[in-house]
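# compute the structure for the input listed below.
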Amino acid sequence: MESFDYIVIGGGSAGSAVAGRLAVDGSRRICLLEAGGRNDNILVKTPGFMPFLLKNANYRFETIPQKGLNGRTGYQPRGKGLGGSSAINAMVYIRGNRWDYDNWAAMGCHGWSYDDVLPYFKRAEGNQRGGDEYHGHGGPLFVEDQKYANPSSHAFVEAAASMQLRTNNDFNGERQEGFGLYQVTQHKGERWTSARAYVEPIRDAGNFAVRTDTLVEKLVIEDRRVTGVRIRRAGKSETLLARRGVVLSAGTFNTPQILMLSGIGPAEHLKAQGIDVVLDRPAVGNNLQDHIDYVSGWETDSDVPIGSTLKGTLRMAAAIVEHRRKRTGVMTTPYAEAGGFWTVMADSPAPDVQWHFVPAVLEDHGREKVKAHGFSLHACVLRPESRGTVRLGSGDAAAAPVIDPNFLADDRDMAVLRGGVRLSHRIVDAPPMQAYGPKDRHPVDLADDAALDELIRNRSDSVYHPVGTCRMGTDADAVVDPALKLRGLEGLWVADASIMPKLVSGNTNAPSIMIGERCADFVMVAEKA
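The predicted model follows:
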């Protein structure tokens, strides 16, 4: 059997950070296991090809039918391959709100306040604007201003400003609220995944084994300690040994799946699946939270929006040629070019809605082809109260987990989303956006709560930020402690968005990388204990 100091399961946003930090000084023998491929192709590296990634480098999970969505099945894209979801996302660099992390600390997650996590965000970050009180400039994760932004994205920001809504050119600085263009995880016009940041620079080091196309079947547990990992590769199963420990970083859906396949989880559920119970942990797979999102759409006669700019073989070919030659132009777009944060409920401690403005018409997550010119405006509930679950549907590690976000089960989420959709329409009604002559694709009487709620239930879905299924805490039900060690076993850490006790107010890629950075430190501290 092959033997390593540490095995990291999952080469996504957090896993790449953990593995890279543990391997970089050469003193440890590290193995990084990833179920997908290397993700080093032109589709991943070119930002403008993001819509095509819906069919590539993607698990393409779906939920069970959602009562809160009028029985519809939700779509849950998750990155597969090195970089994980940072290889298929919109590259928006957002950390969340200061309040989120201070609230984690207040919930018992000691050492996770905003002041505690800020140094790790800064350590990871290589911001084009340079370093300051809030930003790092020498980190491996490149963060840059967009090289291209569509005129309609600028018009969206101007429309918000015309309504006396604050303009913000740094959502990760002193204040989060306001509207503006997003910074993105790109470098010289290319997508910069966590794998490009942490893994690729050292993947050929003698102490670093990177195994792609490798399915993890279960953890190997002996005498209450995780000692290895059973994997399936090229149709054959084998066991890898971990002398010092394992870091599980497979994401909010696959991390609890692997734990349950290994006998760690709700005992009755495991028994029903024919799995021997190693550790009864009812909270594994619980506490699922996600940003429920409604996309308003408008058609225009104008062909200025980017969805129109890229229509047609000749236009697309010219854009691709420009990008390959110069790494500039429309193919550098993150699509979600502009957006903002604002408060629609009077009792919210921080902005409760986030907007993503996309200068293209989107239906069904971009999977439905729309010929019309136009633009879309996402509004999502930043701190949802609804809670769901992840469960096993099979004892086969290759099978998809059973995902139930329980969207809009809590009426408070609908109240926030209703307010967000109304503000979306008010912004588009402002003169800078009206200059495009927008026609609402899904008209509704915005003053009629019942009609608006029905439209929301018929069309809303995830904006791709699931968290919480292996919750961190100090209470008896927490899955991991604040040092990310699994409670009840030795030699196992969890490092990904699944450990979040509550969902952060924004996109989850940057926070997941921060979690990976922190976990590497926790592992190194444990070595010295």
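
# quick one: residues contacting His269.
260, 285, 391-392 (CB atoms under 8 Å, 6 or more residues apart in numbering). Placement of C-beta: from N, CA and C, glycine included.

# looking at those, which are in strands?
When the contacts of His269 are checked against strands (DSSP state E), the matches are Arg391.

# and Gly83, how far from Asn509?
10 Å (CB to CB, to the nearest Å).

# shared neighbours of the two, anything?
Common neighbours of Gly83 and Asn509 (CB under 8 Å, 6+ apart) are 13, 194.

# tell me which of these two has more neighbours.
Using other CB atoms under 10 Å as the criterion, Gly83 and Asn509 rank with Gly83 on top: 33 against 30.

# excluding its backbone neighbours, what's nearest Thr193?
Among residues not flanking Thr193 along the chain, Gly83 sits closest, at 3.1 Å (CB to CB, 6 or more residues apart in numbering).

# cool, Gly15 as well?
Counting by CB to CB, 6+ apart, the residue nearest Gly15 is Ser249, at 3.4 Å.

# what sits against the one you found?
Ser249 neighbours (CB under 8 Å, 6+ apart): 8-10, 12, 14-15, 18, 255, 494-496, 516, 519.

# try it again with 7 Å
Counting by CB atoms under 7 Å, 6 or more residues apart in numbering, Ser249 makes contact with 8-10, 12, 14-15, 18, 495-496, 516.

# select from the residues you listed every entry located in helices.
The helices, defined by DSSP state H, take in 14-15, 18, 516 from these.

# now flag whichever of the residues you listed is closest to Gly173.
The shortest approach to Gly173 among these belongs to Gly516, at 22.8 Å (CB to CB).

# my guess is the closest one meets Gly10, correct?
No - judged on CB atoms under 7 Å, Gly516 makes no contact with Gly10 at a distance of 9.9 Å.

# tell me the bridge partners for Val216.
Beta bridges link Val216 to Ile231, judged by DSSP bridges.

# quick check: closest non-adjacent residue to Leu288.
Gly388 (3.8 Å).

# can you check Val428 too?
Leaving out its chain neighbours, the residue that sits closest to Val428 by CB to CB, 6+ apart is Pro438, at 5.9 Å.

# wait, isn't that neighbour in contact with Trp298?
Yes - between Pro438 and Trp298 there is a contact at 3.5 Å, judged by CB under 7 Å.

# mutual contacts of the two, please.
Common contacts of Pro438 and Trp298 (CB under 7 Å, 6+ apart): Val428.

# residue contacts, Leu261?
217-218, 275, 395, 397.

# from Thr46, how far out is Leu270?
Distance, Leu270 to Thr46, by CB to CB: 43 Å.

# could you list the residues in contact with the helix or strand hosting Asp521?
Assigned by DSSP states H and E, Asp521 belongs to helix 509-528. Outside helix 509-528, the residues that touch it by CB under 7 Å, 6+ apart are 6, 13-15, 17-18, 21-22, 85-86, 89, 93-96, 117, 120-121, 123-124, 141, 185, 194, 244-245, 247, 249, 483-484, 493, 495-497, 499, 504.

# filter these down to the buried ones and hand me the PyMOL line.
Selection of the buried residues among the contacts of helix 509-528 in PyMOL, burial being defined by 16 or more other CB atoms under 10 Å:
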select buried, resi 6+13+14+15+17+18+21+22+85+86+89+93+94+95+96+117+120+121+123+124+141+185+194+245+247+249+483+484+493+495+496+497+499+504
